[in-house]
Structure formats: C-alpha cells, structure tokens
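# Pasting the sequence and the predicted model now:
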Amino acid sequence: MEGLVAPSKFYSALSSGRPVAVICEKHSYLRQLVSEANCGAAFDNGDSKGLAGFIRYLIKDSQVNQQFGTAGHRFIQSNFTPELISKQYLKILQRAVLKDADLRRAVAQQEFCLEYQPIITLGNSRIRGFEALLRWQHPQRGILHPAEFLSAIEETGLIIPLGWWLLNQACHQLRQWQMQISDEHTLGISINLSTCQFLQPDLIPQIDRILDSNTLKGSCLTLQISEESLMVDPAAATAILMQLRSRHIQVCLDGFGKGVASLSYLHRFPITSIEIDRSLVSRLETDAEVAKLIGTIVALAQDLEIDVSAEGFETLNQVQKLKTIGIQQGQGYWFSPAIQPENILDLLKQHNQPRFIASEPSKISDLADSTPCPTTPLVLIADDEKLMRTLLRRAIEKEGYRVVEAESGEQALILYRQLQPDMVLLDAMMPEMDGFDCCSQLRQVVAGTIQSTEIRSLEDGTATLSDNQSNLILGAVSAQNATSTAVVTVLNHCPVMIITSLDDVDSVDRAFEVGATDYITKPVNWAVFRQRLHRLLAL
C-alpha cells in the first residue's frame, strides 16, 4: 500500500513467485510496474469490492495464480538481480567520483571565472558597485551556473579554497576598475560567502590579507551571507560581524523575506544591510500583500539604521513600486544581467558620469554663468536621483528662479561655498552624506564664515554682502550679541528645505534640530511646494 509500505516490499513480493495486488493512487509508478511484469492487479484505495473479487478469482483459478507468480518472478530476475543492481550502483558511484575529480581538476586548472552584475541606484540608474558571480567554464558542457555545481563543491570541501580565490579575484578586479575611473572610492564589490567559509577560524585574517594585497579599503567590500550562516552559531556569528564592522566592511543578509522568521534577525545581529529576495520582488505586480510586507521590512530596517536593497527586478513597474516603498538600490535584469569583466568600463562610462571634482572651479563658474538672469534668486538642489532633480529644476525655473544642482551632500557644500545660493533643497536619503548631515555641516560652514569674515568686513566698511544681510548682521552686532545673533540671522536668511519620502516623527524632529527651515514629503504636492518656495525666498 503506497504511502504506508516501502516500495522495496513490492520487489520482495515479486521475488516470492506469488501474485501481487497493489493498492495505490492512479498516478503511482507501481501500476506501471504491475502492468510491465503482468504479475497481478492494482486497485484504488477504498476499492474493497474490487480487491475481494480479485482474491476470489485467484482462489478459483490456480492456473492464473501460477501464471501471475511466475511472471513476477521472471520480471525480478530480468531486471533486479544483484548483478544488475550492482552495476547501477557502480554507475552512480562512478558519476559521483568523476564529478569530484572534475571539480578538483577545475580548481587546479582555474576553470572557474567571475561575471559581474551591476548594483544600481534605482532613482537614476547610477552604478554603485557589482556583485561577483561564480561561473564554471566546463571543457565539454560550456558555462555552468552555481546551481549546477555549488552543492557538490560544498560536499567535497572545495568551497573553502575556491571561496578565497573568488574573494581575491573580485577585489583585484575592483581595484583595477577603481584606478581607471574618477569616482574610485564610491565603487564597491559584493561577494557571497558560504556558511562554511563564513565560520572559518581564519576568515578575518584572510580578508585582511586580501584587502591589503589589493590596496582596497574595507568600505568598498560587501559580504553577503545567509540566515543559516547566522544561526549555526549565533555567538560566533556576532563576534565575526563585529570584527567586520570595525573594518568598515559591509555585511548584507542575502535572500531576506523568504520567511517571517527573518524579521527577528534584524535586531539580533550587527548587519549593515539586507537584500529583499527575488521571490518577493517577482510577486510585487500580482500580490498587494507583498508590497505591504516589503514596506514593513523597510520600516523596521530604517528604525535599526539598516540599508535595504532588492534583487531580481525585471520590469519598470517593479522598480517603480520598490522606489515607492522606499528601496533605493538593487540589481536585476531590468538594468543588466551579469556581464564579462572586460565590458564593465564601457558600462560605467555609459551610465556613470564623472562626479563633481572640487579642484575644478571652472565647472562651478559654468554652472553659475549658465543661468538666465544673475540677479534673480539662486536655488541649490541636492538629490542623488536625477529624475527628482529634473522635476524640482523645472518647477523652480517655471517660477523664474535660477537653479544649480548637486548629486551629493559633498557637492552641495562645495557649491554653497562658491555660489552662496539664496535657498537650499536637500534630499534626506543620499548616500555617503545624507541630507541631515549636509544641513548640519552647511550651517557650520555659514557660522564659521560669519565669525571670521563678515563681521570684520562690516566693521571695516568692506563688506560684500547684500544690504539685507549687512543690516541684519550689524543689527545683531549693535545688540551686543555679535557672534551668536549674527549666525542665527544669516541662517534664517538662507533657508534650507528638506525634501524626502520620510514622514516619521523622528525624521521631522531631526531635520529641524540640524537647522532645516522647512520640511516637505514625497511625492511632492507641487502647489504647496510653489507657495513655500515663494515664501522662503521672500524672507
């Protein structure tokens, strides 16, 4: 009886030379065996009348009984003798041994190679880094993906030496790219670590050696690990993660969201980022509950200051939904599959324009001179998403104001010093230096300028500030509170508006604590934005 008795009982019954009655499902392979052996009959579970009728038939006709038994015994002798079964086991063992030998030869002869899939900022398709993906260049079978050989590599223990080779090769390749592009310190590499490799006693020394030999900073490296890697030995995993964090190495929890239990891991381990699993991303367009689940993950991760990315997005609609939820970066076929390393530089040139370089003041002057009317107020926009900068530029220029753009907080500080804009718009969620830190540093830049330059120049009669600024500062000086009052006055004169998708209380409080004048959330209500723009520029 299938499901209750092991299939080996069927073969034992055949070898006894007796007729066999099989009770099984309609789709069972046992029906086919009974038919091929011509050794009895098969019945559905519950067909007691049919089974009883078959037994009565055998009792009445001894010749049929003998024929069924003889046929079954002959079937066993023809197909399942010890010699035949030994040959089948031998083939299985030979395949296993040959596969092991194949893998060892592949490691020895360096038949493995790496392809790289771009990791992008979803807002502007700017390439932030690459994930290194292992491939096997098999002499007979061509390019093989990890699903076809990874389990065998882990079983044979070859995953350890191969893992070190992968890490070193990927870091070496990254360093070569960094030296050939202008934004070398922003380009990173992401590498998967197996559970076995993650728990190796010499993991940290090996990583240190590889980074040093390739003159690579720890901040350029992201290690992707699985939930299993953390749970095998949670105490050891925590210790390893702390050592990686001290080296500024990013640790990403890979395939996040497969199970609800994943949520409990976020506060238990010092990880820096999580990657939403492709199985969830693929259901975004068909299952509304998936978007809620990802939104919950993003909200929890933000509370714990953990970055969130996504893998496996294949359509523009998926990308838009991920951006709406609050995910800023990821990788998928919508942008690019994994590609050969020799094609990476062309891809970078195509999608990543050279970053703003502070040592080239002519570029800053060009930005200022390109505006239509130098007497109208100048608005500085700082946002890492090109689309958002374009929308803001159009809205501001439509109101008759000049605009200058920055892709990062660092650029915003440089442009502010050089151009002295009348208003600053900051995106809160920018890489490296976010809008909150930028606002804080911008206020410090202004304060320092007032204390060391403007007040003295006003007293000397050589000030070059606007009349409004001069009057405000001189009024503060005459009030015998020169430094502090003057600083506050000029800060108010140059308003800073934070524009972000964050609408929680902590983010709003933090924005005003660092000196923001106003706060507006995305998606932007353009009518409200227009009114606030006019009001702040009229201060």
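Thanks, I have the structure now. Residues are numbered from 1 along each chain as shown.

# Spell out which residues make up each domain of this protein.
8-80, 111-351, 361-537 (automatic domain parsing).

# Adding mean neighbour count, write these out as a markdown table.
No exception for glycine: its C-beta is placed from N, CA and C like everyone else's. Converted to a markdown table, the domains of the chain look like this (neighbours: other CB atoms under 10 Å):
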| stretch | mean neighbour count |
| --- | --- |
| domain 8-80 | 15 |
| domain 111-351 | 17 |
| domain 361-537 | 17 |
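
# Could you list every helix and strand in contact with the longest strand seen in the chain?
Looking across the chain with DSSP state E, the single longest strand is strand 126-138. Contact partners of strand 126-138 among helices and strands, from 3 or more CB pairs under 8 Å, 6 or more residues apart in numbering; DSSP states H and E: helix 82-108, strand 112-121, strand 142-144, helix 159-178, strand 188-192, helix 344-351.

# can you redo these as JSON lines with distance to D506 and mean pLDDT?
JSON lines is the format used below for the helices and strands packed on strand 126-138 (distance: least, CB to CB, whole Å; pLDDT from 0 to 100):
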{"stretch": "helix 82-108", "distance to D506": "50", "mean pLDDT": "76"}
{"stretch": "strand 112-121", "distance to D506": "24", "mean pLDDT": "93"}
{"stretch": "strand 142-144", "distance to D506": "48", "mean pLDDT": "85"}
{"stretch": "helix 159-178", "distance to D506": "35", "mean pLDDT": "92"}
{"stretch": "strand 188-192", "distance to D506": "28", "mean pLDDT": "94"}
{"stretch": "helix 344-351", "distance to D506": "34", "mean pLDDT": "82"}
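
# To A235, which of the ones you listed lies closest?
Closest approach to A235 among the helices and strands packed on strand 126-138 is made by helix 159-178 (21.9 Å; CB to CB).

# Tell me how far the longest strand of the chain lies from the chain's centre.
Mean-position distance between strand 126-138 and its chain equals 13 Å (CA atoms, centre = their mean, to the nearest Å).

# May I have the residues that are in contact with E36?
Going by CB atoms under 8 Å, 6 or more residues apart in numbering, E36 touches F75.

# Can you name the helix or strand that it falls in?
Here E36, judged by DSSP states H and E, is contained in helix 29-37.

# chain center to that helix, what's the gap?
50 Å.

# let's have the chain start at 13 instead
Will do, 13 is the new start, and the previous item becomes helix 41-49.

# what's the model's confidence in the next helix or strand after that helix, averaged?
On the C-terminal side of helix 41-49, the closest following helix or strand by DSSP H and E is strand 52-55. The average pLDDT within strand 52-55 is 92.

# The helix or strand following strand 52-55 packs against which elements?
Going down the chain from strand 52-55, the next helix or strand is helix 60-72, by DSSP H and E. Helices and strands touching helix 60-72, by 3+ CB pairs under 8 Å, 6+ apart, are strand 32-35, strand 52-55, helix 74-91.

# Need those in CSV (columns: distance to L551).
Listed next are the helices and strands packed on helix 60-72 as CSV, based on distance: least, CB to CB, whole Å:
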stretch, distance to L551
strand 32-35, 88
strand 52-55, 89
helix 74-91, 93
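
# Those: lowest mean pLDDT?
Lowest mean pLDDT within the helices and strands packed on helix 60-72: helix 74-91, at a mean of 88.

# hey, C-alpha coordinates of the helix holding E48 in CSV?
Taking C-alpha atoms only, helix 41-49 is exported to CSV below (Å, rounded to 0.1, in the frame of the first residue of the first chain):
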residue,chain,number,x,y,z
TYR,A,41,4.5,4.2,-10.8
LEU,A,42,3.6,0.9,-9.2
ARG,A,43,0.7,0.5,-11.6
GLN,A,44,3.2,0.6,-14.5
LEU,A,45,5.4,-2.0,-12.8
VAL,A,46,2.5,-4.4,-12.3
SER,A,47,1.5,-3.9,-15.9
GLU,A,48,5.0,-4.5,-17.2
ALA,A,49,5.5,-7.6,-15.0
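
# any chance of the helices and strands packed on strand 138-150 in CSV, with distance to V302 too?
Output for the helices and strands packed on strand 138-150, formatted as CSV (distance: least, CB to CB, whole Å):
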stretch, distance to V302
helix 94-120, 38
strand 124-133, 21
strand 154-156, 32
helix 171-190, 32
strand 200-204, 24
helix 356-363, 28
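
# which stretch among the ones you listed comes nearest N329?
Closest among those, using CB to CB: strand 124-133, at 16.5 Å.

# can you give me the angle that closest one makes with helix 94-120?
Between the axes of strand 124-133 and helix 94-120, defined by axes from the mean of the first three to the mean of the last three CA atoms, to 10 degrees, the angle is 70 degrees.

# my read is V416 is in a strand, agree?
Yes - counting by DSSP: H, G, I helix; E, B strand; the rest coil, V416 is found in a strand.

# Within the sheet, what are the partner strands of the host helix or strand of Q236, with directions?
Using DSSP H and E, Q236 sits within strand 233-237. Strand 233-237 has its sheet partners listed here by DSSP bridges as strand 200-204 (parallel), strand 262-268 (parallel).

# Just put these in a markdown table and tack on distance to S321.
Below are the strands paired with strand 233-237 laid out as a markdown table (distance: least, CB to CB, whole Å):
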| stretch | distance to S321 |
| --- | --- |
| strand 200-204 | 9 |
| strand 262-268 | 7 |
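
# Would you tell me what helix or strand I309 is located in?
helix 300-315.

# Name the nearest residue to Y428, ignoring sequence neighbours.
Excluding the flanking residues, the one nearest Y428 by CB to CB, 6 or more residues apart in numbering is L454, at 5.8 Å.

# An error on my part: the question was meant for T133.
Take T133 and drop its neighbours on the chain: the residue closest to it by CB to CB, 6+ apart is Q341, 5.3 Å away.

# likewise G141?
Nearest residue to G141 in three dimensions, chain neighbours excluded: G200, at 3.6 Å (CB to CB, 6+ apart).

# For that neighbour, list the residues it contacts.
The contact partners of G200, by CB under 8 Å, 6+ apart, come to I131, R140, G141, F142, L186, S231, C232, L233, T234, Q262.

# Tell me who's in contact with L549.
Residues near L549 by CB under 8 Å, 6+ apart: P389, V391, Y413, D434, M435, P507.

# If I look at it, what pLDDT would I see?
Looking at L549, the pLDDT reads 87.

# From I318, how far out is it?
Going from L549 to I318 by CB to CB, to the nearest Å gives 37 Å.

# Relative to M400, which of the contacts of G200 is nearest.
Set against M400, the nearest of the contacts of G200 by CB to CB is R140 (17.0 Å).

# mind listing what that closest one touches?
Per CB under 8 Å, 6+ apart, neighbours of R140: I131, I132, T133, T198, L199, G200, Q341, P443.

# Looking at those, which one is closest to P173?
Comparing these against P173 with CB to CB places G200 closest, at 24.5 Å.

# What is the least confident helix or strand in this protein?
Sorting the helices and strands of the chain by mean pLDDT, DSSP states H and E puts helix 373-381 at the bottom, at a mean of 37.

# Quick check: next helix or strand after that one?
Scanning forward in sequence from helix 373-381 by DSSP H and E, the next helix or strand is strand 390-394.

# what about that next one, distance to the chain center?
That offset, for strand 390-394, works out to 30 Å (CA atoms, centre = their mean).

# Could you check the angle the helix or strand just after it makes with strand 124-133?
Per DSSP H and E, the first helix or strand lying C-terminal to strand 390-394 is helix 398-410. On the basis of the same axes, to 10 degrees, helix 398-410 is oriented at 30 degrees to strand 124-133.
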